[in-house]
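*Asks:* for reference, the sequence and a predicted model appear below.
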Amino acid sequence: MAKAEGAEQKALSAKDAAAAEQAWREAGRLWERAADREPDAKRRVAYAANADRARAHADGNEAGNEPGNEAGNDAEPADEGSGSAPTN
């Protein structure tokens, strides 16, 4: 699972489309491998869905950050009232 997440991060930070496609395909392969080895049915289904999503990215069928990617969800919108926050 950690290797698959690492491959997704590599795909997100790739400099060109070919490198991103290759990294997404690798992520899909690693998610599929994790699904095959996972004894918990709920996680196995989630890993298989991640594999499908990664392959969709590689095929260019999905754009933007995917839901469920922790790194993609870290960014929060700017606070509109930030001028009133204390700066101590």
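*Replies:* Cool, the structure landed. Residues are numbered from 1 along each chain as shown.
*Asks:* tell me the spacing between Ala49 and Ala14.
*Replies:* To Ala14, Ala49 is 22 Å away according to C-beta to C-beta, to the nearest Å. Where you see a C-beta, it was placed from the backbone N, CA and C, and this is true even at glycine.
*Asks:* swap that for Trp24, sorry
*Replies:* With C-beta to C-beta as the criterion, Trp24 and Ala14 are 9 Å apart.
*Asks:* the two: who's more crowded?
*Replies:* Trp24 (25 against 15; other C-beta atoms under 10 Å).
*Asks:* element containing the more buried one?
*Replies:* Using DSSP states H and E, Trp24 maps to helix 17-37.
*Asks:* so what does that helix touch, helix or strand wise?
*Replies:* The helices and strands touching helix 17-37, judged by 3 or more C-beta pairs under 8 Å, 6 or more residues apart in numbering; DSSP states H and E, are helix 2-12, helix 41-59.
*Asks:* next, the buried residues of it.
*Replies:* Buried residues in helix 17-37, counted by 16 or more other C-beta atoms under 10 Å: 20-32, 34-35.
*Asks:* looking at the residues you listed, spot the one nearest His57.
*Replies:* Using C-beta to C-beta, Trp24 comes nearest to His57 of these, at 4.3 Å.
*Asks:* which of the residues in the lowest-mean-pLDDT helix or strand in the chain are buried?
*Replies:* For the chain, using mean pLDDT, DSSP states H and E, the weakest element among its helices and strands is helix 2-12, scoring a mean of 93. Residues Ala4, Glu5, Ala7, Glu8, Gln9, Lys10, Ala11, Leu12 are the ones in helix 2-12 that count as buried (16+ other C-beta under 10 Å).
*Asks:* any chance of JSON lines for these, columns distance to Val45?
*Replies:* As requested, these are arranged in JSON lines below (distance: C-beta to C-beta, whole Å):
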{"residue": "Ala4", "distance to Val45": "15"}
{"residue": "Glu5", "distance to Val45": "17"}
{"residue": "Ala7", "distance to Val45": "20"}
{"residue": "Glu8", "distance to Val45": "18"}
{"residue": "Gln9", "distance to Val45": "23"}
{"residue": "Lys10", "distance to Val45": "25"}
{"residue": "Ala11", "distance to Val45": "22"}
{"residue": "Leu12", "distance to Val45": "24"}
